[in-house]
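Asks: Fold the following and give me the result.
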Amino acid sequence: MNVSFIIPCYNEEEKIERCIISIMEEIHEQRIQAEIIVVDNNCTDRTVEIAKNLGVIVVQEPNKGVVWARQRGYLTAKYNLIANIDADSFVRRGWLSKAIENIKPNDVVAVTGPLNYYDASWWVRKSSKLYYLGAWLSNKFIGYTIQGGNCMIKKKYLEWCDGYDTSIQFYGEDTMTAKRIGRWGKVKFVFDMEIESSARRLKNQGVINTTYHYLVNYFSVVFAGTPVTKQYKDYR
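Replies: As a prediction, the model looks like this:
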């Protein structure tokens, strides 16, 4: 099972190297065929330079937004598994083997896991455990749960639904992806697939405000087919 890693980037010069190297170490450990695709989403800093120096594929997506960037990465990818990792994250040792093990069954279309906010306070990290327990329960009883920056998807199911819904800017995009591909099988939530991620959105937007936006748009996409929040702000 060969993997195309997709990393959307907008001005990530401080974090992109650690992200890429963590993925490279996993690829080396598992000894599989893989590629790393960095999507330049109008970067104005050294992100692209750093990525090219590390020898990964860099493609450009002029339409601003993480969904457009994921779509460009998916269209560029040549392998049968798509792994979405955010640029401000890095994968733990063993992440790749767990993802591949859990996505192998024929009835599984995608696997996903939680984030650990490595630079957040202890209570935020503890609270996020409860949030992801809720995500697991929602996935089990409602369906349609994917953590957008920590997932692996079988590419053929993205092809069957023409990729991602680029009409969504940010909030609810991962839920919409789960809903679109969930017609053909299960999205599996795996707690052992936890990766490390920056808490910059939580710090800048506030924990309660951020949680509210994610929950409201999750239920809106699940039951109404569209997110409530139409705009978002980048935090660097």
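
Asks: rest of the way, CA atoms for contacts and neighbours
Replies: OK.

Asks: V56: what's it in contact with?
Replies: Applying CA atoms under 8 Å, 6 or more residues apart in numbering, we find V56 in contact with 35-38.

Asks: Make a markdown table from those and add distance to A120 and neighbour count to it.
Replies: As requested, the contacts of V56 are exported to a markdown table (distance: CA to CA, whole Å; neighbours: other CA atoms under 10 Å):
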| residue | distance to A120 | neighbour count |
| --- | --- | --- |
| E35 | 31 | 20 |
| I36 | 28 | 22 |
| I37 | 28 | 23 |
| V38 | 26 | 27 |
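
Asks: May I have the phi/psi pair for V38?
Replies: phi -90, psi 130 (degrees, to the nearest 10).

Asks: ok, what's across the strand from it?
Replies: Assessed by DSSP bridges, V38 has beta-bridge partners I7, V58.

Asks: Tell me who's in contact with it.
Replies: If a contact means CA under 8 Å, 6+ apart, then V38 has 6-9, 51, 56-59, 73 as its contacts.

Asks: same thing but at 7 Å, please
Replies: 6-9, 57-59 (CA atoms under 7 Å, 6 or more residues apart in numbering).

Asks: tell me the pLDDT at the nearest residue to V207 once chain neighbours are set aside?
Replies: Of all residues not flanking V207 in the chain, V124 sits nearest, at 7.8 Å (CA to CA, 6 or more residues apart in numbering). The model reports V124 with a pLDDT of 94.

Asks: Where do the strands of the chain begin and end?
Replies: Counting by DSSP state E, one finds strands in the chain at the ranges 3-9, 34-40, 57-60, 81-85, 89-90, 108-112, 115-117, 150-154, 186-189, 195-197.
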